[in-house]
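> sequence unknown, structure follows:
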């Protein structure tokens, strides 16, 4: 029974980590889109390219 509990806890921990990672990725993606919008509005081509490259690595 203890082995089953340890396995369950490990799976639960892994699931929580996956959910957390996805939430962080979504948050960062939204921030990058906001920063891209500001860069476009300001005509900042360098920042735009840096942000779009970062966005590509997240997807």
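Structure's in. What do you need? Predicted, not measured: the structure shown is a model, and the values here were computed from it.
> can we go C-alpha only for contacts and neighbour counts from here?
OK.
> can you tell me the element residue 53 falls in?
Element membership of residue 53 [criterion: DSSP states H and E] is helix 45-58.
> now do the longest helix seen in the chain and helix 45-58, the angle between them.
In terms of residue count, the longest helix belonging to the chain (DSSP state H) is helix 2-42. Counting by axes from the mean of the first three to the mean of the last three Cα atoms, to 10 degrees, helix 2-42 points 160 degrees away from the direction of helix 45-58.
> and the residue nearest the centre of the chain, what pLDDT?
Centrality entry for the chain: nearest residue to the mean C-alpha point is residue 25, 1.0 Å, by Cα atoms, centre = their mean. At residue 25 the predicted local confidence, pLDDT, stands at 97.
> tell me the mean pLDDT for stretch 45-52?
For stretch 45-52, mean pLDDT is 98.
> in it, which residues are buried?
The neighbour-count criterion (16 or more other Cα atoms under 10 Å) identifies 47, 48, 51 as the buried residues of stretch 45-52.
> over to stretch 32-48?
For stretch 32-48, the neighbour count (16+ other Cα under 10 Å) marks 32, 35, 36, 39, 47, 48 as buried.
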